[in-house]
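Novice: Pasted the sequence and its predicted model underneath.
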Amino acid sequence: MFGITRETGMTKRSTPSLTGRIFGAVLGGLLAAVPATLHAESVLTVGMTAGDIPLTTGNPDQGFEGFRFVGYNLYDSLALWDLSERDKPSDIKPGLATEWQVDPNNYRRWILKLRQSVKWHDGCPFTADDVLWNFARVTDKDAPQFFTQQMALSRTYVTNFESVEKIDDNTVAITTKVVESLFPYSMSYLLMVSRCRAEALKYDWAAYANAPSGTGPYRFDRMVAHERLELTPNKDYWDPKRVPKHDRLVLIPMPEAATRAAALMTGQVNFIEAPAPDTIDRLKSAGMQIVTNKYPHNWPYTLNFVRGPMTDIRVRRAANYALNRAEFVELLNGLAIEEYATMPPGTPYYGNPVRYEYNPEKAKALLKEAGCMPCKLTIAISTSGSGQMQPLPMNELFKSQMEAVGFQIDFKVMDWNSLVEIGRSGVPKYPEIDGYNGSRALLDPLSALIKPVWKIHWSPAGSNWGHFYDPEIEALVGQILNDFDAEKRLTELTKLHELENDRALMIWVVHDLNPRALSPKLTGFVQAQNWFQDLTPIVVHP
Amino acid sequence: MIKYIFRRLLYAIPIAFGVSVVCFSLVYLAPGDPLQTILPSDASADTIAMVKAAYGFDRPIPIQFLKWLGRVLVGDFGESIATRRPVLLEVSGAMSNTATLVMFAVPLSFSLGYVMGAIAGCFPGRMLDRAITGTAVMGVSVPNYWLGIVLVIIFAVEMMALPATGMGANGSTAFSVFRWSDDRFLVLPVITLSMVPIGIIARTTRAAVAEVLNQDFVTTLRAKGLSEFAVVRHVLKNALPQVLAVMGLQFGYLIGGSILVETVFTWPGSGFLLSKAIINRDVPVLQGTILALSMVFVATNLLVDLLQSMIDPRIRRS
């Protein structure tokens, strides 16, 4: 009745009394001298920051952590991210599509060659029909496979999708609503699930969640709802270099940072995400490996361009000059780098943006010139949340530095969900808010640079939260999306990055360094400059 | 007695209805979006509207409530937005995991708290009383999530004697209380969870015993020449109804699962489920869990009332 299973053959007589068990449990635990050997085989056990196991029915929930551990392990998309290198920013590469090109006669039409001889985990072959079926699953309400939840989780990535057609068994053509030279990036976020398995289960997606079938490097083995997901290597994976080098991957949700650190030190897990900065020294002294790398993440304040002080570029620049970012890095125990522009240095389109070095005198002068003294700002912040780092102490530091030059900060503190709601609704619903502090994933140029400034994305229609508009930038965006020459487009993207920086589009603070802690028994992990990571090369030594 | 039970059961019906109204409305008072789990943070307004319509969140709240209530009355609590699993399954699974903790925490905390309180009450003002009262106050005052982390540091990280987190090495479905390797996972959460009830029950028992000891009938008992042991037995029996009421509340507290304790130990119980449902605004799970836990409170209170009336018939007459 209470979820308790009895061992077979155990009689009531041999069962110790309840009191005996309690005291036995307490005393025995205290006296146990030998630590438990929890992993007898080659098992990679990950303590995730997610509060729950990400969905297994295709595109996962739990943000990019869901993609990182479940999505891209069970499934593939037409384009995949190259996560094999540590020293350069990662970009997309062929996935289930081996190549793609825009139709020279119609720039809205993309022709994709599909990978041959790929098999789903259930044994069925991957075909062009599967691609059509997968697009219908998230876009065609009348299709039997349409799944509202997946539509919601995929919608952002198929907003520009119009139709898909089969050219032959190995080729499909995707037509977009408007010309978009960056469309291949969107294809990396739509994970392909098995039509065979879905049909066999009669589109029962709850059943599918417990028997998912993809083409990814891991196969589903076992799931205990909310507690653990166990995957095993797909020995027949189409990319032999990415066949997992361990016997089993176990994913455990552990939202509490202290719990993750303790679980790593006791050997219950051997890989944890995001150890808290104040546990790093302790983990190092216990022999754990701490790995960090820059990646396309930032921790900025997104601003209101409709009303209030932030409509004045002098105030925005003053705010950027007011911040001593080195103190933020120190606060984070070195697990971040100073941020002076949207993208982290090293990004191909980083360019040469203005460096808003800490200069309180300049900040004061700009505020005086703008006639905003004291300059009152209402900022929405969250107490925690995905990618939010250490929001409370960091915001306290932000407040103290801003107020030192003449700003007056009024924080509206809320939980992550409420902040997301503000982020989605934008300034039309929250005109009184001058800015909000939400971390951003800058994985592709469309999400990183274009959506936050493009008029078509003014909230609530899209992610231009503060209704930013600049005719020069608007024209440049149009140029980028119509440019199919990669080199020329790179120059234009660089110019866009510099222009956004010049306009002080945001108040930039830090880029996270994405710390992870690994048991000394693990080797082979290459931390890519990406939100996603490849776990397949990890070797677990006894 | 039967009439009394029947009357108490009738009282429980409007309470249950009131609880259902409150627990349904409460989740809509909180800011945030019930579809946050499945909508990307940059979802556009038309996507949100489409998904809201698909899940029925576009209808007026009273209509949503009536539909929900109609389903609940036939045992259908709906599906989790996040997992699509039936809410009943989610809640029952989580409550059974919490019950595993409670099964150990209740005897530990109730017996220890009662014994400590009784001893302190029998020796008011003495050193023993002060020591026990001090311990009880500490038990109530120390934040249990802090205590949990400290216990993990000492017994799991430093001594490597007990596991730090989880419900068994292979998850709750493979967990067995008849296996020591699994019981090791119970020790720290049970101790942490028991601290508050121990303190509260000890203090309540102490106050009740001390109060009863000052009553005239105790003087009469002693005057009749009863042994001190027999006197204490009478005192404890008379103090019991008051203690029982507090134990009932504490049982409700324990079965409700502690969000903090279960999060610290990643124990997949009702508190952990509730915290995930709150963070994700998984409205059906949130409503189902709150309703189920509230019903446990209502049932526990009913049971305690009946027990009290059995122990002390004066309660029934009043």
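Specialist: Done, it's in.
Novice: what number of residues lie near the closest residue in space to residue A:144 that isn't next to it in sequence?
Specialist: Distance criterion C-beta to C-beta, 6 or more residues apart in numbering or on different chains; nearest residue to residue A:144, sequence neighbours excluded, is residue A:203 at 5.9 Å. From N, CA and C alone the C-beta is placed, and that goes for glycine too. A total of 15 residues lie near residue A:203 under the criterion other C-beta atoms under 10 Å in any protein chain shown.
Novice: And for residue A:427?
Specialist: Neighbours around residue A:427, by other C-beta under 10 Å: 23.
Novice: Leaving out sequence neighbours, find the closest residue to it.
Specialist: Per C-beta to C-beta, 6+ apart, closest to residue A:427 is residue A:306, 4.9 Å.
Novice: coming back round to it: roughly how far apart are the residue nearest to residue A:144 and chain B?
Specialist: 12 Å (C-beta to the nearest C-beta, to the nearest Å).
Novice: Go through the chain and flag its longest helix.
Specialist: I'll assume chain A. Assignment by DSSP state H gives helix A:486-502 as the longest helix of chain A.
Novice: Correction: the question concerned chain B.
Specialist: helix B:87-122.
Novice: And the pLDDT at the residue nearest to the spatial centre of chain A?
Specialist: A centroid search over chain A (C-alpha atoms, centre = their mean) returns residue A:64, at 2.7 Å, as the residue closest to the centre. The confidence metric pLDDT takes the value 89 at residue A:64.
Novice: Distance of it relative to chain B?
Specialist: 10 Å.
Novice: count of neighbours near the nearest residue to residue B:235 once chain neighbours are set aside?
Specialist: Among residues not flanking residue B:235 along the chain, residue B:212 sits closest, at 4.8 Å (C-beta to C-beta, 6+ apart). Residues within reach of residue B:212, counting by other C-beta under 10 Å, total 19.
Novice: Tell me who's in contact with residue B:212.
Specialist: Applying C-beta atoms under 8 Å, 6 or more residues apart in numbering or on different chains to residue B:212 gives the contacts B:218, B:235, B:238, B:239.
Novice: which ones are touching the closest residue to residue B:215 other than its chain neighbours?
Specialist: Counting by C-beta to C-beta, 6+ apart, residue B:215 lies nearest to residue B:238, which is 7.7 Å off, once chain neighbours are set aside. Contact analysis of residue B:238 by C-beta under 8 Å, 6+ apart lists B:212, B:215, B:217.
Novice: Shouldn't residue B:303 be within a strand?
Specialist: No. Residue B:303 is assigned helix when assessed by DSSP: H, G, I helix; E, B strand; the rest coil, not a strand.
Novice: Let me know whether residue A:264 touches residue A:288 as I believe.
Specialist: Yes. Counting by C-beta atoms under 8 Å, residue A:264 does reach residue A:288; the two are 6.3 Å apart.
Novice: and the residue nearest to residue B:235, what helix or strand is that in?
Specialist: Using DSSP states H and E, residue B:212 sits in helix B:180-213.
Novice: quick one on the thing from earlier: go through the contacts of residue B:238 and name the one nearest residue A:408.
Specialist: residue B:212 (60.0 Å; C-beta to C-beta).
Novice: Check the gap between the closest one and chain A for me.
Specialist: 27 Å.
Novice: Can you name the helix or strand that the most centrally placed residue in chain B falls in?
Specialist: A centroid search over chain B (C-alpha atoms, centre = their mean) returns residue B:253, at 2.2 Å, as the residue closest to the centre. Here residue B:253, judged by DSSP H and E, is contained in helix B:228-255.
Novice: Mind checking the pLDDT average for that helix?
Specialist: On average, helix B:228-255 scores 87.
Novice: relative orientation of it and helix B:180-213 in degrees?
Specialist: Orientation check (axes from the mean of the first three to the mean of the last three C-alpha atoms, to 10 degrees): helix B:228-255 against helix B:180-213 gives 130 degrees.
Novice: what does whichever helix or strand comes after helix B:228-255 contact?
Specialist: Beyond helix B:228-255 on the C-terminal side, the first helix or strand identified by DSSP H and E is helix B:259-264. By C-beta under 8 Å, 6+ apart, the residues outside helix B:259-264 that reach it are A:255-256, A:258-259, B:98, B:143-145, B:148-149, B:152, B:165, B:189, B:192-193, B:267-272, B:274-275.
Novice: Residue of the stretch 251-400 of chain A nearest chain B, please.
Specialist: Residue nearest to chain B within the stretch 251-400 of chain A: residue A:262 (3.8 Å; C-beta to the nearest C-beta).
Novice: Am I right that that residue sits in a helix?
Specialist: Yes. With three-state DSSP as the criterion, residue A:262 is located in a helix.
Novice: ok, and the closest non-adjacent residue to it?
Specialist: residue B:164 (3.8 Å).
Novice: residue contacts, the one you found?
Specialist: A:259, A:262, A:263, A:265, A:266, A:268, B:152, B:156, B:157, B:188, B:265.
Novice: what residues does stretch A:82-99 touch?
Specialist: A:76-81, A:112-115, A:118, A:126, A:131, A:184-185, A:187-188, A:192, A:215, A:293, A:296, A:346-348, A:444, A:526-530, A:532-534.
Novice: Of those, just the buried ones, PyMOL syntax please.
Specialist: Of the contacts of stretch A:82-99, the buried ones go into a single PyMOL selection, burial set by 16 or more other C-beta atoms under 10 Å in any protein chain shown:
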select buried, chain A and resi 76+77+78+79+80+81+112+113+114+115+118+126+131+184+185+187+188+192+215+293+296+347+444+527+528+529+530+532+533+534
